[in-house]
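Colleague: 3D model of this:
(2 chains)
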Amino acid sequence: MGYGKKMNKKSLRIVYMGTPEISASVLERLVLAGFNIVGLVAQKDKPVGRKGILEPVPTKKVAMKYDIPIFQPEKIRLDYEFLKEINPDLIITLAYGQIVPQGVLDIPRFGAINLHGSLLPKYRGASPIQAALINGDKVTGVTLMEMTAKMDAGRMYAKKEVEISDNDNATSLFEKISLAAGDLILDSLEDYVDGKLVGVEQDESLVSVCHIIKPEQEKLSLMMGVKELYGWVRALSLEPGAYLLLDEEKFKIFKASIANYDVTGEVGQIVKADKGGLYLQCKDGQLSLLEVQKQGKKRMDYKSFLNGSPNLLNQLLK
RNA sequence: CGCGGGGUAGAGCAGUUGGCAGCUCAUCAGGCUCAUAACCUGAAGGUCGUAGGUUCAAGUCCUUCCCCCGCAA
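Modeller: So this is what the prediction gives:
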């Protein structure tokens, strides 16, 4: 194994497109593996934190560290002339955050490839990692695929599976997926450029699509069953966090588990609040709340929360 | 000066109109129980975020600064 027998890593001009943390670590691994990253395209910096300080997006930090030229067009759809000047041989994308127009895909002679956080054709779209958690999947993965004008619909070149454990939440699964994405691209890139990866079309009959999660979906609905609630808690944890309302204030649930399928109280009622657990009655079972946070307070385990909230039993969440 | 909540024992909280600093959990010692996330008894553990001011007296009232959290962007 090893790179460089046919392909010359140094001479292959790669433009990397990506924005968040999951993408930043993959970029860094490509750099450290010796690939010639001639440019980063990322979303614009956004104000972060309470004070609204403008902070570089994660991929940008990596690019700055290795002196890679950075491009942050407002709309790649309208503004991609700069890419022609860079004249890349290949574009690699991972969670860039904008739809990339055909005009961009046509620039590099080896085309544009994308790393997608699911086993396609399952979960095309914006939130594949969360979708796997919401649906309670045991396995998900990363797919290396051809970029086409249609979102996540191109030929698939390689996949890598990732197991989802009971302890995983969005934060941990994002890390796993990021790691797997890095492994996958490093394992596949040489073969791709050498034309050894034929790729297979996606089976359109198996396609499913997941949409971007809207802020209002962070408020859990007690219309959902306990399994579904559990999935949403995991999918939204730790950032931004799923919540219900307690005393008209946000009550975030960062970690939970399914306690049982009993119904002993009203939906939304705290039916158990002692050292043995903090149980929320759902319509078809009870959710054990393990890590919570009330608005304005810190995140804490349920025992600590109970210490300071002695009258929680029988209260109603909504 | 975007809006709001908060900093009190290791953790989470209470502290009324200023008047001896408390509760729950954890910890330690002892007891009870076939047993326990149970129960009983006792102990240790605090410059009440910082700096200044008012007062006979400040956790509490006024001012400075620091830090944490929720929202907004």
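
Colleague: Please, which helix or strand holds A:Gln98?
Modeller: Per DSSP states H and E: A:Gln98 is located in neither a helix nor a strand.

Colleague: how about the nearest residue to it, chain neighbours excluded?
Modeller: A:Ile76 (5.0 Å; Cβ to Cβ, 6 or more residues apart in numbering). Placement of C-beta: from N, CA and C, glycine included.

Colleague: What of A:Asp183?
Modeller: Nearest residue to A:Asp183, sequence neighbours excluded (Cβ to Cβ, 6+ apart): A:Lys160, at 6.1 Å.

Colleague: Phi and psi next, for the one you found.
Modeller: phi -140, psi 130 (degrees, to the nearest 10).

Colleague: Report the beta-bridge partners for A:Ile70.
Modeller: Beta bridges link A:Ile70 to A:Leu40, judged by DSSP bridges.

Colleague: That one and A:Ala42 touch, don't they?
Modeller: Yes - A:Ile70 is within contact range of A:Ala42, at 6.8 Å (criterion: Cβ atoms under 8 Å).

Colleague: Between these two, which is the more surrounded one?
Modeller: A:Ala42 (28 against 16; other Cβ atoms under 10 Å).

Colleague: show me what contacts that one?
Modeller: A:17-19, A:57, A:59-60, A:63, A:70-72, A:96 (Cβ atoms under 8 Å, 6 or more residues apart in numbering).

Colleague: ok, so of those residues, who is nearest RNA strand B?
Modeller: A:Val57 (13.1 Å; Cβ to the nearest atom of the strand).

Colleague: Might you report the residue contacts of that closest one?
Modeller: By Cβ under 8 Å, 6+ apart, the neighbours of A:Val57 are A:19-20, A:42-46, A:72.

Colleague: helix/strand/coil for A:Ala149?
Modeller: The three-state label given to A:Ala149 by DSSP: H, G, I helix; E, B strand; the rest coil is coil.
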